[in-house]
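# for reference, the sequence and a predicted model appear below.
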Amino acid sequence: MKHYSRREKEKAFEVIVSQYEAQLLRYVSRMIFNFDLAEDVVQETFLKLFKNWKDELAPSPQILSWLYRVAHNKAIDMIRKENRRINHQNNKAEWDKIDLEILHKEKSGISENALAAAEILNSLTPDEKQLVILKVYEKKTYKEISEITNLTTGNVGFKLHHIMKKMAKRLNKGEK
Amino acid sequence: MAKLSQKQSIIKCSDIEPHLFDFLQHELGSAQTTIITEHLKKCEDCKKSLAELQSSLKALEDFGVAQPPKHLTDNRRKRIKFAYMHPFLNFCYIHHKIISIIIVIITLATVLFLIKNASLDKKRNFKEYPVQLNLR
Ligand SMILES: [Zn+2]
């Protein structure tokens, strides 16, 4: 493990956080549909990076893939935790309300179709959601997605095709 | 080219349809892209499937205007930086409850130990007194 001076540590911190905070916030917000909780998840992800990363601390595709993987797992933990909390309070409706907070906040100016698509996105499994977000919003290639998810590129395409088809079917049904 | 059109004539929709999303995302090689482009010119079913995929994509992209924050709040940034720059202090911060409990236990144990010792000393003094009397 490389030893960093205080100044080098500060610089590495600034570079890494500035480079990746926006895309991680975007990714996690779309995973869990709640901005505050997304910030919690991203904070935890960075804490884990700075604690555990043993190689050079400079932006690289490896660090980015690692960050996406950790953020994804932490987002799933967060969804489970929130579900447990709400089940515990016997108030199932609340999570749905929190979930869709972004939708309602942004409702003005968004087409009905886009809202419907977002609601369908929110109802997908976390792994399905991950693929859609990485492809549609983060514009990652199949190869990049396969590095983050450990799926083969063929499998990424296969799964995305099925998810998008399912989504198209549900959107069409909604319109009718 | 003749080879390609011969190939196209035996291509079925079931060969094309599973690759329509890959096609939309430009994830196919040039030969496959040409085959699909040609097939789409003639096949209404696949054209319809493609249009449905495109409209789902468009709906998702339209929703993309919902803007998540671009930066972490200052407090969160400071928190991460503190943990990175001062791992030991951060450890104390995270485990402050356990550390406080341990300190309280140690303090209590020390106090109890001192009290016990003090009372033992008293007893010893008391026992020694008659011995001194006997000496007189
Ligand atoms: Zn066809």
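Great, that's in hand.
# ends of stretch B:35-55, how far apart?
In stretch B:35-55, first residue to last residue: 23 Å (C-alpha to C-alpha, to the nearest Å).
# which outside residues touch stretch A:155-164?
A:124, A:128, A:131-132, A:135, A:142, A:145-146, A:149, A:151, B:18-22, B:25, B:27, B:53, B:56-57 (C-beta atoms under 8 Å, 6 or more residues apart in numbering or on different chains). Quick note: C-beta positions are derived from backbone N, CA and C, even for glycine.
# can stretch A:53-71 be said to contact chain B?
No: against chain B, stretch A:53-71 shows no contacts by C-beta under 8 Å from any C-beta of the partner chain, the least distance being 9.3 Å.
# so where is chain A shaky, pLDDT-wise?
Applying pLDDT under 70 to chain A flags residues A:1-2, A:90-109, A:175-176.
# quick check: closest non-adjacent residue to the spatially most central residue of chain B.
Nearest to the mean C-alpha position of chain B, by C-alpha atoms, centre = their mean, lies residue B:80 at 14.2 Å. Leaving out its chain neighbours, the residue that sits closest to residue B:80 by C-beta to C-beta, 6 or more residues apart in numbering or on different chains is residue A:46, at 4.8 Å.
# so what's the one you found up against?
Residue A:46 neighbours (C-beta under 8 Å, 6+ apart): A:16-17, A:21, B:72, B:80.
# how about the secondary structure of it?
Three-state call for residue A:46 (DSSP: H, G, I helix; E, B strand; the rest coil): helix.
# distance of it relative to the ion?
As defined by C-beta to the ion, to the nearest Å, residue A:46 lies at a distance of 48 Å from the ion.
# point out the residues in chain B that sit beside the ion.
B:13, B:43, B:45-46 (C-beta under 5 Å from the ion).
# other SSEs contacting the helix or strand containing residue B:33?
Taking DSSP states H and E as the criterion, residue B:33 maps to helix B:30-42. Identification of packing neighbours for helix B:30-42 by 3 or more C-beta pairs under 8 Å, 6 or more residues apart in numbering or on different chains; DSSP states H and E yields helix B:2-9, helix B:13-16, helix B:20-24, helix B:44-63.
# most tightly surrounded among those helices?
helix B:20-24 (a mean of 21; mean count of other C-beta atoms under 10 Å in any protein chain shown).
# so which residues of chain A form helices?
A:6-32, A:35-52, A:61-88, A:92-99, A:101-105, A:112-123, A:126-132, A:142-149, A:153-175 (DSSP state H).
# lowest-confidence helix or strand of chain B?
Least confident helix or strand of chain B, by mean pLDDT, DSSP states H and E, is helix B:2-9 with a mean of 52.
# check contacts around residue A:49.
Per C-beta under 8 Å, 6+ apart, neighbours of residue A:49: A:16, A:63, A:66-67, A:70.
# near the ion, from those?
Answer for those near the ion: none qualify (C-beta under 5 Å from the ion).
# ok, and the most crowded of those?
When the contacts of residue A:49 are compared by neighbour count (other C-beta atoms under 10 Å in any protein chain shown), residue A:67 ends up highest, at 24 neighbours.
# what's around residue A:132, how many residues?
Neighbours of residue A:132 (other C-beta under 10 Å): 23.
# got the contact list for it?
Counting by C-beta under 8 Å, 6+ apart, residue A:132 has contacts A:121, A:124, A:160, A:163-164, A:167, B:60.
# repeat the analysis, applying 7 Å as the threshold.
A:121, A:124, A:163 (C-beta atoms under 7 Å, 6 or more residues apart in numbering or on different chains).
# and what of residue A:121?
Per C-beta under 7 Å, 6+ apart, neighbours of residue A:121: A:129, A:132, B:60.
# do the same with residue B:24
Residue B:24 touches B:53-54, B:57, counting by C-beta under 7 Å, 6+ apart.
# would JSON lines of these with pLDDT and distance to chain A be doable?
Shown next, in JSON lines, are those (pLDDT from 0 to 100; distance: C-beta to the nearest C-beta, whole Å):
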{"residue": "B:53", "pLDDT": "93", "distance to chain A": "5"}
{"residue": "B:54", "pLDDT": "93", "distance to chain A": "9"}
{"residue": "B:57", "pLDDT": "92", "distance to chain A": "6"}
